[in-house]
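Visitor: Output the structure for:
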Amino acid sequence: MVLAIVYTVNSKQTGIAWKIKSGGVEMKGLKVLVLTMMLLVVSASIVYAEDKVTGSASIGVFNKYVFRGYEFSSKSIVVQPAVTVSYKGFSAGFWGNIDSNEHTTQSFAGSPNRLGESFNEVDLTLSYTYSIGRLGLTGGYIYYGTKYAPETEELFLSAGYDVITKPTLTIYRDITSFPGTYINLSLSYSEKIYKDVTLDLGASAGYFAGDDDAFRTEGGTGKKYRAFHDGMVKAGFTIPVAKNLSLQPVAQYWVPLSDNAKKHGYNPNGHIDDTFVTGLNLTFNF
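Guide: Have a look, this model is predicted:
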């Protein structure tokens, strides 16, 4: 992926605006420039650090893009590149979504004035993890640069316990465009089944509470949307193909967890359907 930093004059405001273009996604604002520069500086610095640096680079190909139960693609293939670099508990990450042929769904109107092939999302994450025995605590920040909706930001806090099912509870708080709180509990388990090939199982459940009038039901006149939201179960394999390189076929099944989550009129962001997702990740760990 190539990042191009473009200097422009914004005719609607006094002064200078910055834009960052990434394969068709345009992310506006000085904060995006600062975040991107921080990611580059952190990544470059830790590469030359004496202590061990860890991370991964992956590319996934899936039949759908589903986020917290919402379908953000349909009748197309999505490609999702990702890079994460970690050093002494600090992590910086990039994630993107490329839709080969955008179509509208019950939750997704498509990018403005354009359907079809689109690089429609870039997410940037900064986080820090602190471990106390088996307990891992992580706090962080996520920037969502979406072509199909206003850009937004979240703060999150996560607690995970290193036992056989690796239970992890994460609380996300949107602080910009869509004020609300999302809580997710996840479980995961891996077992070797042949040499270094593992069977990977997982499940999660989410609860969502919207805060402002954008999350009111019945066209903005009803109650605010608060409900057990999405559930997901998944199964897959991790298959080593070379040193530090693995192939990961996976299948996910998403369901609404309450009547409110699946009602057409009650869920303002579009109701959640039963959705089956299949795909393949190629991951390089370092």
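Visitor: Can you give me the neighbour number for the nearest residue to residue 210 once chain neighbours are set aside?
Guide: Spatial nearest neighbour of residue 210, chain neighbours left out: residue 180 (4.2 Å); criterion: Cβ to Cβ, 6 or more residues apart in numbering. Heads up, the C-betas are built off the backbone N, CA and C, glycines and all. By the criterion of other Cβ atoms under 10 Å, residue 180 has 19 neighbours.
Visitor: right, and residue 180 touches residue 174 too?
Guide: Yes. Residue 180 lies in contact with residue 174 (Cβ atoms under 8 Å); the separation is 5.3 Å.
Visitor: Just the mean pLDDT for stretch 99-112, thanks.
Guide: Computed over stretch 99-112, the mean pLDDT rounds to 87.
Visitor: buried sites along that stretch?
Guide: Buried residues in stretch 99-112, counted by 16 or more other Cβ atoms under 10 Å: 99, 102, 105, 107, 108, 110, 111.
Visitor: Next: stretch 150-157.
Guide: Neighbour counts over stretch 150-157 (16+ other Cβ under 10 Å) mark 151, 152, 153, 154, 156 as buried.
Visitor: distance between that stretch and the chain's centre?
Guide: Between the centre of stretch 150-157 and the centre of its host chain there is 11 Å, according to Cα atoms, centre = their mean, to the nearest Å.
Visitor: what's that stretch in contact with?
Guide: Contact with stretch 150-157 is made by 27-29, 32, 127, 137-146, 170-178, as judged by Cβ atoms under 8 Å, 6 or more residues apart in numbering.
Visitor: mind listing the strands for the stretch 1-150 of the chain?
Guide: Along the stretch 1-150 of the chain, the segments classed as strands by DSSP state E, counting those that start in this stretch run 3-9, 16-22, 25-28, 54-62, 66-67, 70-71, 78-87, 90-102, 116-132, 135-146.
Visitor: Nearest to residue 227, out of those strands?
Guide: Of all the strands of the stretch 1-150 of the chain, it is strand 70-71 that lies closest to residue 227, at 13.3 Å by Cβ to Cβ.
Visitor: Just the ones in strands from the buried residues of stretch 150-157, please.
Guide: 152, 153, 154, 156 (DSSP state E).
Visitor: would a markdown table of those residues with pLDDT and distance to residue 216 be doable?
Guide: Formatted as a markdown table, those follow (pLDDT from 0 to 100; distance: Cβ to Cβ, whole Å):
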| residue | pLDDT | distance to residue 216 |
| --- | --- | --- |
| 152 | 95 | 18 |
| 153 | 97 | 22 |
| 154 | 98 | 21 |
| 156 | 98 | 25 |
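Visitor: could I get those as CSV with distance to residue 59?
Guide: Below are these laid out as CSV (distance: Cβ to Cβ, whole Å):
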residue, distance to residue 59
152, 25
153, 25
154, 24
156, 24
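Visitor: Tell me the one among these nearest to residue 74.
Guide: residue 152 (22.5 Å).
Visitor: Please name the nearest non-neighbouring residue to that closest one.
Guide: Closest to residue 152 by Cβ to Cβ, 6+ apart is residue 177, at 3.9 Å.
Visitor: burial of that neighbour, as a residue count?
Guide: Neighbours of residue 177 under the rule other Cβ under 10 Å: 14.
Visitor: and if you look at the one 10 residues further on?
Guide: Here the neighbour count serves as a burial measure; for residue 187 (other Cβ under 10 Å) it reads 15.
Visitor: With the one 3 residues further on instead?
Guide: Neighbours of residue 190 under the rule other Cβ under 10 Å: 15.
Visitor: Give me the contacts around the host helix or strand of residue 202.
Guide: Using DSSP states H and E, residue 202 falls within strand 197-210. With Cβ under 8 Å, 6+ apart as the test, strand 197-210 has contacts from 68-69, 178-193, 216, 224-240, 248, 250, 257, 268.
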